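# make a model of this:
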Amino acid sequence: MAGATSFVVQTRSAARAARELASALPRVPRPAGALVFASGSLTDGAAELAQELAKAAPGVPLLVASGAGVLTERGEVENDSALAGVVWAGGRSEVLSVAAGGADEAMEGLARALSDRSATSAPTALVFVRPDGFSPSSLEPLWSTRVTPNLLGAGTTDVDPICIDAEGRVSSGRAAALLIRGLSAPVIRTSPACRLLSPLRRITETRGALVTQIEGEPALEALSAVGESLAGQPLVFAVLSDDDPAEGRPELLIRAVQGVDPVRRGLLISDEVREGTLMAFAVRDAARARTDLEAAARDALRTAAGAAPRFGIYVSCAGRGAALYGSPDVDTKILRGRFGEMPFAGLASSFEIAPHAGRASLQLYTGVIALFSAPS
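As a prediction, the model looks like this:
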């Protein structure tokens with residue numbers, strides 16, 4: 001028997017989807033938890049799906065999150081009704097959901113719940129949240145409250161994530177988390193699907209979320225300079241980083257240019273901008289997305305050396321996939337080429353959550369790899 005297994009089925013039937021989960025469980029000795037992803041019309045009947053899954057996996061805590069598509073190491077299912085997931089043995093799993101009226105309230109409640117459960121340990125938290133009203137600042141409660149540093153997740157579709165605990169009780173809310181204890185902290189790597197149009201340069205003046213100068217040059221003029229060489233008017237993003245690019249592959253945050261201030265010749269980016277932060281401009285790029293994901297996967301495996309990964313999670317922006325590459329299964333082929341048949345599961349997300357500069361951050365147009373191993 002394996003220490004983990006994945007499963008996937010394309011179906012509109014909640015009962016058929018649950019049978020696929022039930023057939024996966026015997027392949028894992030004493031399953032400790034499961035993460036399940038649903039897409040398409042399966043999410044329309046979320047309550048029915050939850051009840052069927054609860055019957056199919058008695059005693060196994062699991063979290064169900066919805067996405068624009070689902071994936072395993074076998075490939076990606078886009079624009080169809082499907083269920084995918086991963087089941088693992090070892091450690092202990094716990095699920096919790098937070099009902100709230102808005103994204104900020106949900107994250108405040110989640111921070112309190114995680115703080116209560118992380119007081120004497122640092123579990124891994126897989127967090128999923130509805131996207132409406134969510135912004136980078138929604139994650140602030142997780143920064144200011146003592147919660148686990150091992151946190152990643154994604155934005156779902158407009159369906160509340162669902163929790164099913166070990167007793168078969170079903171709950172749902174705007175945000176939900178699956179906590180894993182007893183496995184090693186995951187190796188997490190992020191890979192944005194962008195090509196830099198300019199070198200990373202230091203922000204030298206800001207006014208709140210407005211960047212006014214980059215190394216003494218008006219930010220609006222810096223954007224205009226890179227835009228002159230572009231054909232077809234692609235969407236240009238701001239890219240932020242705290243890493244020195246001379247020291248290797250920097251961690252990047254993609255942010256939209258939300259507006260311009262022609263008087264101050266500035267760009268409205270995000271409350272995250274600070275004087276001293278590195279910034280560049282970028283566009284989505286399929287070739288760069290491929291090569292960067294290959295580098296991220298290679299780095300993740302190298303970092304995990306000595307602790308053979310048992311399974312993986314891959315959350316990938318819905319703006320990647322065939323819409324970016326022009327062909328299906330590009331990301332999953334890269335992962336399979338690096339990790340072989342190791343079980344993976346994930347979803348096409350509305351945004352991603354992963355560590356950046358030591359704290360949970362909102363990611364855009366990004367693939368997030370997480371490798372889980374047994375304790376060494």
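
# the helices in this structure, which residues?
14-24, 46-56, 103-117, 140-144, 219-227, 286-303, 321-325, 330-339 (DSSP state H).

# out of these, which is closest to Ala177?
Closest to Ala177 of the helices of the chain is helix 103-117 (C-beta to C-beta; 6.4 Å). In short, each C-beta sits where N, CA and C put it, glycine included.

# now that closest one: average pLDDT?
The predicted model assigns helix 103-117 a mean pLDDT of 92.

# tell me which residues of that helix come out buried.
Neighbour-count burial for helix 103-117 flags 103-111, 113-114, 117 (criterion: 16 or more other C-beta atoms under 10 Å).

# ok, back up a step: how about TSV for the helices of the chain, with distance to Asp243 added?
Conversion of those to TSV gives the following (distance: least, C-beta to C-beta, whole Å):
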stretch	distance to Asp243
helix 14-24	39
helix 46-56	40
helix 103-117	26
helix 140-144	19
helix 219-227	20
helix 286-303	13
helix 321-325	24
helix 330-339	23
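
# among those helices, which is nearest Ile164?
So among the helices of the chain, helix 46-56 is nearest, using C-beta to C-beta, at 4.8 Å.

# now that closest one - C-alpha only, CSV.
Once side chains and other backbone atoms are set aside, the C-alpha atoms of helix 46-56 remain, and they are given as CSV (Å, rounded to 0.1, in the frame of the first residue of the first chain):
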residue,chain,number,x,y,z
ALA,A,46,-22.5,21.3,-3.0
ALA,A,47,-24.7,20.1,-0.1
GLU,A,48,-25.5,16.8,-1.9
LEU,A,49,-21.8,16.4,-2.8
ALA,A,50,-20.8,16.9,0.9
GLN,A,51,-23.3,14.3,2.2
GLU,A,52,-22.1,11.8,-0.4
LEU,A,53,-18.5,12.3,0.4
ALA,A,54,-19.1,12.1,4.1
LYS,A,55,-20.7,8.7,3.6
ALA,A,56,-17.9,7.5,1.3
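
# packing partners of that helix?
Using 3 or more C-beta pairs under 8 Å, 6 or more residues apart in numbering; DSSP states H and E, the elements in contact with helix 46-56 are helix 14-24, strand 31-39, strand 62-66, strand 162-164, strand 170-172.

# can we see that at 6 Å?
With contacts defined as 3 or more C-beta pairs under 6 Å, 6 or more residues apart in numbering; DSSP states H and E, the packing partners of helix 46-56 are helix 14-24.

# which of the helices of the chain comes out lowest on mean pLDDT?
With a mean of 83, helix 140-144 has the lowest mean pLDDT of the helices of the chain.

# got a list of contacts for that helix?
Contacts to helix 140-144, defined as C-beta atoms under 6 Å, 6 or more residues apart in numbering, come from residues 107-108, 111, 359-360.

# give the buried residues for it.
Judged by neighbour count using 16+ other C-beta under 10 Å, the buried positions of helix 140-144 are 140-142.

# what do you get for stretch 366-376?
Of the residues in stretch 366-376, those buried under the neighbour-count criterion (16+ other C-beta under 10 Å) are 366-374.

# got any ranges where the stretch 201-350 of the chain has weak pLDDT?
Segments of the stretch 201-350 of the chain classed as low confidence (criterion: pLDDT under 70) are 246.

# likewise the stretch 51-200 of the chain?
Low-confidence regions of the stretch 51-200 of the chain, defined by pLDDT under 70, span residues 119-120, 144-146.

# show me the contacts for Leu364.
Leu364 sits in contact with 254, 351, where contact means C-beta under 6 Å, 6+ apart.

# if we use 7 Å, what do you get?
Counting by C-beta atoms under 7 Å, 6 or more residues apart in numbering, Leu364 makes contact with 254, 317, 351.

# any idea how far it is from Ala370?
Distance, Leu364 to Ala370, using C-beta to C-beta, to the nearest Å: 18 Å.

# so which residues of the stretch 201-350 of the chain form strands?
For the stretch 201-350 of the chain, the strands defined by DSSP state E, counting those that start in this stretch cover 201-207, 210-214, 217-218, 237-241, 253-256, 259-261, 266-268, 278-284, 309-317, 344-349.

# ok so, going back, can you tell me which of the contacts of Leu364 lies nearest to Arg338?
Relative to Arg338, the closest of the contacts of Leu364 is Cys317; by C-beta to C-beta it sits at 19.5 Å.

# ramachandran angles for the closest residue to the closest one other than its chain neighbours?
If you skip the residues right next to it in sequence, Cys317 has Tyr365 as its closest partner in space, 4.9 Å away by C-beta to C-beta, 6 or more residues apart in numbering. In terms of degrees, to the nearest 10, the main-chain angles of Tyr365 are phi 50, psi 40.

# hmm, Ala295 and Ile334 touching each other?
No - under the criterion of C-beta atoms under 7 Å, Ile334 makes no contact with Ala295, lying 10.1 Å away.

# which of the two has more residues huddled nearby?
Residue environment comparison for Ile334 versus Ala295 gives the larger neighbour count to Ile334, 22 against 14, counting by other C-beta atoms under 10 Å.

# any idea how far that one lies from Arg249?
Between Ile334 and Arg249 the distance, using C-beta to C-beta, works out to 16 Å.

# quick one on the thing from earlier: of the contacts of Leu364, buried ones?
Using 16+ other C-beta under 10 Å as the burial test, the contacts of Leu364 include 254, 317, 351 as buried.

# how about a markdown table for these, with distance to Arg264 added?
Written out in a markdown table, the entries for those read as follows (distance: C-beta to C-beta, whole Å):
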| residue | distance to Arg264 |
| --- | --- |
| Ile254 | 23 |
| Cys317 | 31 |
| Phe351 | 29 |
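
# which one of those is nearest to Arg130?
When the buried ones among the contacts of Leu364 are ranked by distance to Arg130 (C-beta to C-beta), Phe351 comes first, at 10.9 Å.
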